[in-house]
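Novice: this one's structure only:
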């Protein structure tokens, strides 16, 4: 990962597991156990892949779409127009028209359909022919997870391959001072599922702490502390060694509140000198993946990620349709 990787590596001699209460153990087992196999399999696949810091691209796995069509919110969320919930709200607000008629929940898109959002043509066919892609990007400190930065700071999206259709969507965010694993996809439905609070997807971070941390402080962080936006806690805390003033810990949280890991440590007056995300759900940061580079999940790894998210992987492939001159004159999104 970087020059300090040896300090953050897992070793049996330096690992000290902090015990959890019976209630915390039950919650952890209920959340993790059903997804454990896909987590391990994905980790093995990525570890055994040929990763040397170079981009890898795959575009396999297309499946024909059903003759019954596809739900509007599903097709558009995959294309990054919005999340499924947002699109469903827009449908309820009467913002969509399908072949000139107001869309209702349950309507499906079929080949030849003419879709409008706020009277602007939606070229939805391009979303149907775009296969799902997921990138594992190793974000360095100093980069911002945004498309444009008014301060002129480097942004992660300029480091990614260009898409001819749809757009890249980051699965969660990392602040400018946090490095590590950032999942990026062109599938809005998958991104929304992995980020939604109800899924409680685990995030694991390697944290470098300045000074020693007492057992009572660790217990407080596990049991929960009051922050400005509510009670928060670490699901797990593991000691990973360190020399001198710096100590390394790995912590696990199941929510994506802004700067949550830093704020939890800071609530106990503990100074965090380095923070790196090493895992998001079943996906781990490849050890050989250099900063500012990405690795693209293979077809088999995508299947495992969809299984983990509880989604059916269907990659519709439709033939792009010709549009008449009247439609060409409309503004498109």
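Specialist: Now that the structure is in, tell me what you want to look at. Please read these numbers as outputs of a predicted model, since none were measured by experiment. Residues are numbered from 1 along each chain as shown.

Novice: how many neighbours does the residue lying closest to residue 183 once chain neighbours are set aside have?
Specialist: In space, and not counting its chain neighbours, residue 183 is closest to residue 171: 3.8 Å by C-beta to C-beta, 6 or more residues apart in numbering. From N, CA and C alone the C-beta is placed, and that goes for glycine too. Residues within reach of residue 171, counting by other C-beta atoms under 10 Å, total 23.

Novice: how close does residue 171 get to residue 303?
Specialist: Separation of residue 171 from residue 303 (C-beta to C-beta, to the nearest Å): 17 Å.

Novice: hang on, residue 206 in a helix?
Specialist: No - counting by DSSP: H, G, I helix; E, B strand; the rest coil, residue 206 is not found in a helix; it is strand.

Novice: neighbours around it, how many?
Specialist: Residues contacting residue 206 under the criterion other C-beta under 10 Å number 26.

Novice: So it versus residue 250, what's the distance?
Specialist: The gap separating residue 206 from residue 250 is 6 Å, by C-beta to C-beta.

Novice: Likewise for residue 203?
Specialist: If you go by C-beta to C-beta, the gap between residue 203 and residue 250 works out to 11 Å.

Novice: again, but for residue 136
Specialist: For residue 136, the distance to residue 250 equals 18 Å [C-beta to C-beta].

Novice: Of those two, which one has the most company?
Specialist: Applying other C-beta under 10 Å to residue 136 and residue 250 shows that residue 136 carries more neighbours, namely 23 against 20.

Novice: Now for the more buried one: which residues touch it?
Specialist: Residue 136 makes contacts with 46, 181-183, 283, 285-286, 289, 294-297, as judged by C-beta atoms under 8 Å, 6 or more residues apart in numbering.

Novice: try it again with 7 Å
Specialist: By C-beta atoms under 7 Å, 6 or more residues apart in numbering, the residues touching residue 136 are 181, 183, 283, 286, 289, 294-295.

Novice: likewise residue 192?
Specialist: Counted by C-beta under 7 Å, 6+ apart, residue 192 has contacts 77, 83-84.

Novice: hmm, try it at 10 Å
Specialist: By C-beta atoms under 10 Å, 6 or more residues apart in numbering, the contact set of residue 192 is 77, 82-86, 169, 171, 199, 309.

Novice: Which pLDDT does the model give it?
Specialist: For residue 192, the pLDDT comes out at 89.

Novice: Let me know the secondary structure of it.
Specialist: Per three-state DSSP, the local secondary structure of residue 192 is helix.

Novice: just residue 303 next, same as before
Specialist: Look at residue 303: counting by three-state DSSP, its state is helix.

Novice: just to revisit the earlier point, now the residue nearest to residue 183: how far from residue 161?
Specialist: Between residue 171 and residue 161 the computed distance is 17 Å (C-beta to C-beta).

Novice: repeat for residue 87
Specialist: From residue 87 across to residue 161, the span is 26 Å (C-beta to C-beta).

Novice: Any stretches of the stretch 51-200 of the chain with poor pLDDT?
Specialist: Residue ranges of the stretch 51-200 of the chain with pLDDT under 70: 51-67, 128-129, 165.

Novice: Now do the helices in it.
Specialist: Using DSSP state H, counting those that start in this stretch, the helices found in the stretch 51-200 of the chain span residues 72-78, 84-92, 125-128, 188-195.

Novice: so which of these gets nearest residue 119?
Specialist: Residue 119 lies closest to helix 84-92 among these, at 12.9 Å (C-beta to C-beta).
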